[in-house]
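1. Just need the structure, nothing else, for what follows:
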Amino acid sequence: ICTTEDMTEDFVVEMKNRRRRLRESGRQLAVDDTQICFDVRANDTATIQSGSIETSNATHVCVTILDRNYAPTLSNATFRLKENSPAGVNVGVALDGHDIDTVDDKPDTLRYSIVKNVSGTNPWWAPAVFEIDSQTGQISLMNNSWVDDSLGGSLIPKDDSKQMLISSDTVNYEQLSTFTLTISVVDDGGCFGRQMRDTTVDCPKTMCDDCCNPFDTRACCQDNNHRNKCDPNLAVTSIVTILVVDVNEPPRIDAVVYAIPENSRENTSLSLFDMENGDCFKKREEGVDVCVASPIVARDDDAGQECGFSEGEICDEAKHLTFSIIGGDSEYFKIDPTRGQISVSRRGEGILDFEVRKQFIVEVQVTDSGILSNGAVTEQLSFKRNITIMIVDVNEIPVVEVQEYIVPENSKVGTVVGSVKAFDVDRVYPD
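-> Numbers count the residues shown, from 1 in each chain. Below is the predicted model of the structure:
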């Protein structure tokens, strides 16, 4: 007896349907085996006959097709995910794992997992960024410690949710724009998996599902019944590619305190404030300590926004961060729109007096170009921060008032003429 057609998946499906009809008619048939019965007759086709009977009586023959597990199927997939998406967000749709095997109309249970330490999972730490629901095949995003910015340092501090600066530790386009995951899906269609769903399934008592090679010395492999029903759970893998989508991220101004000496002239630049000494940070030039000019520190996670990152780079308002003073004591100060250096305005000259006012505040706004790291152009984003400017006290020249004294002629030596009146605005001196 031989088969007349290939036992393909279509054939198996048809046999499963036939098995179901047999069970519905009352035939008790082991659910993982399909039995086909038919009558066999032998025909004598010889040219010389030694009797009148050329066809034998019918013999009833039954063939049992032992059910075997078919591996599940799983498609490759590509999903897109916006950078800085919050942890817990779903990545794409659930994967499409499928298995044709059923037991008593109950399908195999599929289990999904991310395969670690294989070339198809890249980078190797991708399993710390993504997780997969073992039952549904849905991939989701996790917080992780691997996210970093394009400069190889920490992301800019994001501490102002009102200005879209919300902390995120998920995925960053500027660091890595593509992840690949090797996904495994395994069924429970091996003999013991089917037996869990129907006790009539016959499995080796040795509880050994996997196939044996000729040199396998395990007890289960010495069982001829097991060799005939070598039927483990099966798995397949696929590759899921996750493309990180670049989005415009708002810039940020560092919270830094600045300083400037009182009585500074127009165009004098602000320096960083030395809180310990109550002075500006200084450097020595030609034997004199001078305040070091310090621009506003603004940063952006989108690569290429910050001017001056590359040596000799020319600042361009069309592609770099731009600065403006939009509030506070704005009339006394001005700012370079591309460098972010604050300096004294014409109106501010003569106003900065430590003895009158010890600090000023200006509201500075930084705006990005809207150009993403990938070159796409989006809506521009801005960030605002109040900047404190401390006025540094300096030693000022005392003033002698114009005075007139009268002294009689022929006055003797030592005669008091009057007291010279001088004034110093520095309050360390008494009047």
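
2. what's near enough to touch the nearest residue to G193 once chain neighbours are set aside?
-> Excluding the flanking residues, the one nearest G193 by CB to CB, 6 or more residues apart in numbering is N233, at 5.9 Å. C-betas here are computed from N, CA, C, even on glycine. Taking CB atoms under 8 Å, 6 or more residues apart in numbering, we find N233 in contact with 69, 186-190, 193, 209.

3. now that we have those residues, which one has the most neighbours?
-> Using other CB atoms under 10 Å as the neighbour criterion, G189 leads these with 29 neighbours.

4. Please settle this for me: is that one part of a helix?
-> No. Per DSSP: H, G, I helix; E, B strand; the rest coil, G189 lies outside any helix segment and is coil.

5. ok, so what distance separates it from L110?
-> 9 Å (CB to CB, to the nearest Å).

6. wouldn't D353 be in contact with I391 here?
-> Yes. Here D353 reaches I391: they are 7.4 Å apart, a contact under CB atoms under 8 Å.

7. Give the residues shared as contacts by the two.
-> Among the neighbours of D353, those also in contact with I391 (CB under 8 Å, 6+ apart) are E262.

8. the more surrounded of the two?
-> Neighbour count, other CB under 10 Å: between D353 and I391, I391 has more, with 21 against 14.

9. bridging residues for that one?
-> Beta-bridge pairing for I391 (DSSP bridges): I260.

10. what's the overlap in contacts for G189 and L110?
-> By CB under 8 Å, 6+ apart, the residues touching both G189 and L110 are D99.

11. ranges for the helices of the chain?
-> For the chain, the helices defined by DSSP state H cover 9-24, 191-197, 224-228.

12. and these, which one's lowest on average pLDDT?
-> When mean pLDDT is averaged over each of those, helix 224-228 scores lowest at a mean of 52.

13. Can you name the residues in contact with stretch 397-405?
-> Applying CB under 8 Å, 6+ apart, the contact partners of stretch 397-405 are 417-418, 420-424, 429.

14. Pull up the distance across it, start to finish.
-> Terminal residues of stretch 397-405 lie 24 Å apart, using CA to CA, to the nearest Å.

15. Just give me how far it sits from the chain centre.
-> Distance, stretch centre to chain centre, for stretch 397-405: 71 Å (CA atoms, centre = their mean, to the nearest Å).

16. Let me see the mean pLDDT of that stretch.
-> Stretch 397-405 shows an average pLDDT of 85 in the prediction.

17. Now do the buried residues in that stretch.
-> Residues of stretch 397-405 classed as buried: none (neighbour count, 16 or more other CB atoms under 10 Å).

18. Please apply the same query to stretch 232-246.
-> Buried residues in stretch 232-246, defined by neighbour count with 16+ other CB under 10 Å: 232-235, 238-240, 242, 244, 246.

19. One more: stretch 253-267?
-> Using 16+ other CB under 10 Å as the test for burial, stretch 253-267 gives 253, 258-264.

20. hmm, which two among those are most spread apart?
-> Across the buried residues of stretch 253-267, the longest distance by CB to CB is 27.5 Å; it joins I253 and N263.

21. Next, the residue sitting nearest the centre point of the chain: phi, psi?
-> Nearest to the geometric centre of the chain sits V171, at 1.1 Å (CA atoms, centre = their mean). Note on V171: its backbone torsions stand at phi -130, psi 140 [degrees, to the nearest 10].

22. hang on, it packs against V129?
-> Yes. The pair V171 / V129 is scored as a contact, 6.5 Å apart, by CB under 8 Å.

23. so what's in contact with the two at the same time?
-> Common contacts of V171 and V129 (CB under 8 Å, 6+ apart): 141, 147, 179.

24. For V244, see how far away the first one is.
-> Pointing back at L141 there. L141 sits 11 Å away from V244, going by CB to CB.

25. Overlap of the contact sets of these two?
-> Common contacts of L141 and V244, defined by CB under 8 Å, 6+ apart, comprise 81, 171.

26. Now do V147, the pLDDT please.
-> Value for V147, per-residue pLDDT: 72.

27. what about it, neighbour count?
-> With other CB under 10 Å as criterion, V147 counts 19.

28. Over to V394?
-> Residues near V394, counting by other CB under 10 Å, number 12.
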